[in-house]
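K.L.:
Based on what follows, work out the 3D shape:
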Amino acid sequence: MRETMTAAVPATMPLDEIVDNFSLLEEWDDRYRYLIELGLGLAPLSEGARTDANKVQGCASQVWLATTVRPNGGGGPTLSFSGDSDAHIVRGLIAILFAMFSGRRAREILSTDAIALFERLGLREHLTPQRSNGFRSMVERIRSDARAALGETA
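P.N.:
Numbering: from 1, shown residues only. Alright, predicted model coming up:
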């Protein structure tokens, strides 16, 4: 049975909803299409944010990730992200990462296992090794920004 998601994917779709939608799609072609739809929901990244400092190293595609840190009192800093890629599937991966991490406290980001979700969604075995490595590079960049927000170097 082939089901398709609606074309309008909100930019701030909750992670649980993304996971549920993935589980409804039995065919990998449909999951790829959904991943692309998620990427289409990303807000455009300004040209000013497409800097070398925001470029994610270790990705085969062009990927930019901009981080905004807001102090949050005793709860620790909160990080929000914006980003873009020149590859549709990578934009979808960025959307999943933003659903997982954007608007969260730095310590929560550091304690979240994005790779486990990546594997749970079956992405590792269905994406090229380059895309998988790129996903890991994006996760490490987000974690690095969270450590920096906390003033940690490790």
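K.L.:
all helices in the protein, in order from the N-terminus.
P.N.:
15-24, 28-40, 88-101, 106-111, 114-120, 123-126, 129-150 (DSSP state H).
K.L.:
show me the residues around Val69 that make contact.
P.N.:
Pro77, Thr78, Leu79, Ala106, Asp145, Ala149 (Cβ atoms under 8 Å, 6 or more residues apart in numbering). Where C-beta positions appear, they are placed from N, C-alpha and C, glycine not excepted.
K.L.:
weakest of the helices of the chain by average pLDDT?
P.N.:
Ranked by mean pLDDT, the helices of the chain bottom out at helix 123-126, which scores a mean of 81.
K.L.:
Work out the gap between that one and the centre of the chain.
P.N.:
15 Å (Cα atoms, centre = their mean, to the nearest Å).
K.L.:
what's that helix packed up against?
P.N.:
Counting contacts by 3 or more Cβ pairs under 8 Å, 6 or more residues apart in numbering; DSSP states H and E, helix 123-126 packs against helix 28-40, helix 129-150.
K.L.:
Run a quick neighbour tally on Leu150.
P.N.:
16 (other Cβ atoms under 10 Å).
K.L.:
Tabulate the contacts of Val69 (JSON lines), appending neighbour count and distance to Leu25.
P.N.:
Formatted as JSON lines, the contacts of Val69 follow (neighbours: other Cβ atoms under 10 Å; distance: Cβ to Cβ, whole Å):
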{"residue": "Pro77", "neighbour count": "19", "distance to Leu25": "36"}
{"residue": "Thr78", "neighbour count": "18", "distance to Leu25": "32"}
{"residue": "Leu79", "neighbour count": "23", "distance to Leu25": "30"}
{"residue": "Ala106", "neighbour count": "24", "distance to Leu25": "33"}
{"residue": "Asp145", "neighbour count": "21", "distance to Leu25": "31"}
{"residue": "Ala149", "neighbour count": "22", "distance to Leu25": "35"}
